[in-house]
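J.: just need the structure, nothing else, for what follows:
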Amino acid sequence: MRPHVILRYVGLVLMLNAAFVFVAFLISFFHHDDGQIPLLLACIITLLWGIFPMLFVPKAIDLSNREAYLVMVLSWIMSCVVGMLPFLFWGGEFNLMYAFFESVSGYTTSGASILNNIEALPTGLLFWRSSMHWIGGMGVILFMLLVMPSLGKAQKTLSRMEVSSLAGSEFRYKTRSMLRIILTVYIGLTCACCGTLLLLGMEPFDAVNHAFSIIATGGFSTRNASIGAFNSPSIEAAVAFFMFVAGIHFGMLFALFTFKKASVFRSPIVRYYFFSTLIGALIITVNLHVEGVYSTWTECFRYAGFQAVCISTTTGFATANTAIWPPLSIVVLIFFTIQCGCSGSTSGGLKVDRVVIFFRSLRGQILRLQHPQAVIPIKVGGRIISDETANATVVFIVIYIGIIFLSSALLAAFGVDLVTGFTASAAAMGSTGPGFGLVGSASNYSCLPDAALVVLCFDMLLGRLEIFGLLLLFMMRSWR
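T.: A predicted model of the protein is given here:
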């Protein structure tokens, strides 16, 4: 293993972060707010950390799997470290733990926050919060690969580490074409979302920041009341539409937008994603109306539909205080917190793909018990799923649920109540942001002790790196 080569690639990622911090500094500079100095200092420090390996380490275009894993994990961790610097230098509600938590939440697109007064932040810091979402939504490694096209074999190795195996199976393109497709869809959706919000009356600064959060399925808002601050059904409908689209595999969206094929409509994954979200929204609508939470069916569907899409796509926006909703509605939202969106999208969590493969595997196992001599392949969308993939899916689901329960137990040991601990752990693993109890959609995570925030930061990174990427960092002896 070559530590100097690893540092060089991590340095590239830090330089990318420095560029976005500089843009945030320019915004603060033109608005003459008190975010200028913190952002400038953070930009200089990040740039220096990134540029030294570039100056003193020779270029290397070949990476082993072990080196690529370390580059990926260390790039995410270091991005979170430098991402907290603007908040830490600015002060306000931020201490060291709060600044790091906000940074991890931003990069992992979790949308969980410790801020009680978001609108007190300078414009530059508000933009930086949204920028972390936008960088993390695509992935810090993929961003680096796009701006540094001449990395040779390393480009293929790093992209394979960053894109999950489930998502990669749908990208039947060469590495460079895959990166171009992701970038095209990502920027195209962001521009379309921003333009739509502007047409619906949102201010330009709010429109840009919310577009970053929506397409990254993050959830950071520029307002204390999140999307509910605008009190506009048309804006909520537009936000829900783009959140839902951002939860679909980008390869399928590219094929749809370029009129190559309409596989997105034939995909059983997307169909399950659509109908599960719709059925969940309808169940919540009926439950809210029966319990008398809202007076009309239209109002019930407005809030139920938005929150169902918001949670199922792991976007942490809010238009209502879901913590006071009836138990059935909360159970449905907890299910979406664990299931989440499609692979190959910006959403996190367990992924719809794994849920579909799990149910197909379960059906196949039952059929094998009924017909022991029969050969019963597991198929999803006409494609045969290998036993290795099916077994890996089941293992991932078991580990994923196990980590949520383990984290819940740790939070309980730190004095956090059961509902808050379990839903906060599930929300951190799924990158959905709000949970229930003390961390509901109308509150934040500042009520939790620092030890609990450390556990949740680890969960957010585990969920974003799909567990094994981060765990490999702690199993270096097994690489020998």
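J.: rest of the way, CA atoms for contacts and neighbours
T.: Will do.
J.: give the next helix or strand downstream of the helix or strand where E388 lies.
T.: Under the criterion of DSSP states H and E, E388 resides in helix 387-413. Sequence order places helix 418-430 as the next helix or strand after helix 387-413, per DSSP H and E.
J.: surely G136 meets S110?
T.: No - applying CA atoms under 8 Å as the test, G136 and S110 come out as separate, 9.8 Å apart.
J.: more neighbours, the two?
T.: With neighbours defined as other CA atoms under 10 Å, G136 and S110 compare such that S110 has more, 36 against 28.
J.: could you find the closest non-adjacent residue to that one?
T.: Using CA to CA, 6 or more residues apart in numbering and skipping the chain neighbours, the partner closest in space to S110 is S431 (3.8 Å).
J.: test my guess that that neighbour contacts T314.
T.: Yes - assessed by CA under 8 Å, S431 is found in contact with T314 at 5.7 Å.
J.: overlap in contacts of those two?
T.: Taking CA atoms under 8 Å, 6 or more residues apart in numbering as the contact rule, the neighbours common to S431 and T314 are 110, 218, 347-349.
J.: out of these, which end up buried?
T.: Those of those that meet the buried threshold are 110, 218, 347-349, by 16 or more other CA atoms under 10 Å.
J.: turn the residues you listed into CSV, including distance to F254.
T.: Supplementary listing: these in CSV, determined by distance: CA to CA, whole Å:
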residue, distance to F254
S110, 25
G218, 21
S347, 17
G348, 20
G349, 23
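J.: low-confidence regions, the stretch 301-450 of the chain specifically.
T.: Judged by pLDDT under 70, the stretch 301-450 of the chain has no weakly predicted residues.
J.: if we use 90, what do you get?
T.: Of all residues in the stretch 301-450 of the chain, those with pLDDT under 90 make up the ranges 314-316, 318-324, 339-397, 430-433, 437, 440-444.
J.: the stretch 1-150 of the chain now?
T.: Across the stretch 1-150 of the chain, the stretches falling below the confidence threshold (pLDDT under 90) are 1-13, 15-16, 33-35, 49-76, 91-93, 111, 135-150.
J.: now the residue nearest the centre of the chain. Nearest residue, chain neighbours left out?
T.: Centroid-nearest residue in the chain, with CA atoms, centre = their mean: T109, separated by 3.7 Å. With CA to CA, 6+ apart as the criterion, T109 has its nearest non-adjacent residue at 4.0 Å, and that residue is G218.
J.: name all residues that make contact with the one you found.
T.: When contacts are counted by CA under 8 Å, 6+ apart, G218 is found next to 106, 108-111, 133, 137, 314-316, 431-433.
J.: show me which of those are buried.
T.: With neighbours counted using 16+ other CA under 10 Å, the contacts of G218 contain these buried positions: 106, 108-111, 133, 137, 314-316, 431-433.
J.: so F94: helix, strand or coil?
T.: Per DSSP: H, G, I helix; E, B strand; the rest coil, the local secondary structure of F94 is coil.
J.: surely it meets P86?
T.: No - if you go by CA under 8 Å, F94 and P86 don't touch, sitting 10.0 Å apart.
J.: the two: which is more packed in?
T.: A side-by-side neighbour count of F94 and P86, using other CA under 10 Å, places P86 first with 28 against 19.
J.: surely the more buried one forms part of a strand?
T.: No - remark: P86 does not belong to a strand; assigned using three-state DSSP, it is helix.
J.: so it touches A42, yeah?
T.: Yes - the criterion here is CA under 8 Å, and P86 meets it with A42 at 5.6 Å.
J.: list the contacts for P86?
T.: 38-39, 41-42, 125.
J.: again with T296
T.: H289.
J.: buried ones in the helix or strand encompassing T190?
T.: Using DSSP H and E, the secondary-structure element containing T190 is helix 175-199. For helix 175-199, the buried set under the neighbour-count rule, 16+ other CA under 10 Å, comprises 175, 178-179, 181-183, 185-186, 189-191, 193-198.
J.: could you identify the helix or strand that succeeds that helix?
T.: Sequence-wise, the next helix or strand beyond helix 175-199 is helix 204-215, with elements assigned using DSSP H and E.
J.: dump the next helix-or-strand element following that following helix to PDB, restricted to CA.
T.: Tracing the chain C-terminally past helix 204-215 and defining elements by DSSP H and E, one meets helix 233-246 next. What follows is helix 233-246 as a C-alpha-only set of coordinates in PDB (Å, rounded to 0.1, in the frame of the first residue of the first chain):
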ATOM      1  CA  PRO A 233     -49.500  23.900  -2.500                       C
ATOM      2  CA  SER A 234     -48.000  24.400  -5.900                       C
ATOM      3  CA  ILE A 235     -44.400  24.700  -4.500                       C
ATOM      4  CA  GLU A 236     -45.000  21.600  -2.400                       C
ATOM      5  CA  ALA A 237     -46.300  19.700  -5.500                       C
ATOM      6  CA  ALA A 238     -43.200  20.700  -7.500                       C
ATOM      7  CA  VAL A 239     -40.900  19.800  -4.700                       C
ATOM      8  CA  ALA A 240     -42.600  16.400  -4.200                       C
ATOM      9  CA  PHE A 241     -42.300  15.700  -8.000                       C
ATOM     10  CA  PHE A 242     -38.600  16.400  -8.200                       C
ATOM     11  CA  MET A 243     -37.900  14.500  -5.000                       C
ATOM     12  CA  PHE A 244     -39.600  11.500  -6.400                       C
ATOM     13  CA  VAL A 245     -37.800  11.700  -9.700                       C
ATOM     14  CA  ALA A 246     -34.400  12.200  -7.900                       C
END
